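> What follows is a predicted structure for the sequence shown.
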Amino acid sequence: MEDILGEIGKGFFRGIGYILADLFFWFICYWTGWPFCKIITFGRYPKPKRNNYWGEEESSGVWCALLGLTIWIGVGLYFLGVFA
């Protein structure tokens, strides 16, 4: 019985961790990188979201999220004193 509850607990916390990581990457990192992508590409990237035939949204904002993640990593390293 303890093993079953332990596995359920691991799955629950893994799910919470996945949701938090997804929220951090697609919300915080995306909106941090979005203005920089707009400035660098003179407003051409990211393109507006489109709905395809099946009703799924196609987003082209992966590079904005990656740029935002890079910015957050750089800020963290700066405050850790790596660049000093």
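That came through fine. Residues are numbered from 1 along each chain as shown.

> Only C-alpha atoms from now on, for both contacts and neighbour counts.
Noted.

> which SSE is Ala21 in?
In this structure, Ala21 sits in helix 2-23 according to DSSP states H and E.

> Now do that helix, average pLDDT.
The average pLDDT for helix 2-23 rounds to 86.

> The chain should start at 237 in everything you say after this.
Sure, I'll start numbering at 237, so the last one becomes helix 238-259.

> Run through the residues that contact the most centrally placed residue in the chain.
Centroid-nearest residue in the chain, with CA atoms, centre = their mean: Phe261, separated by 1.2 Å. Residues counted as contacts of Phe261 (CA atoms under 8 Å, 6 or more residues apart in numbering) are Ala301, Leu305.

> Look up how far Leu305 lies from it.
7 Å (CA to CA, to the nearest Å).

> Same question for Phe260.
Applying CA to CA to Phe260 and Leu305 gives a distance of 9 Å.

> again with Lys274
Separation of Lys274 from Leu305 (CA to CA): 16 Å.

> Tell me which of those two has more neighbours.
Neighbours were counted for Lys274 and for Leu305 using other CA atoms under 10 Å; Leu305 has more, 20 against 15.
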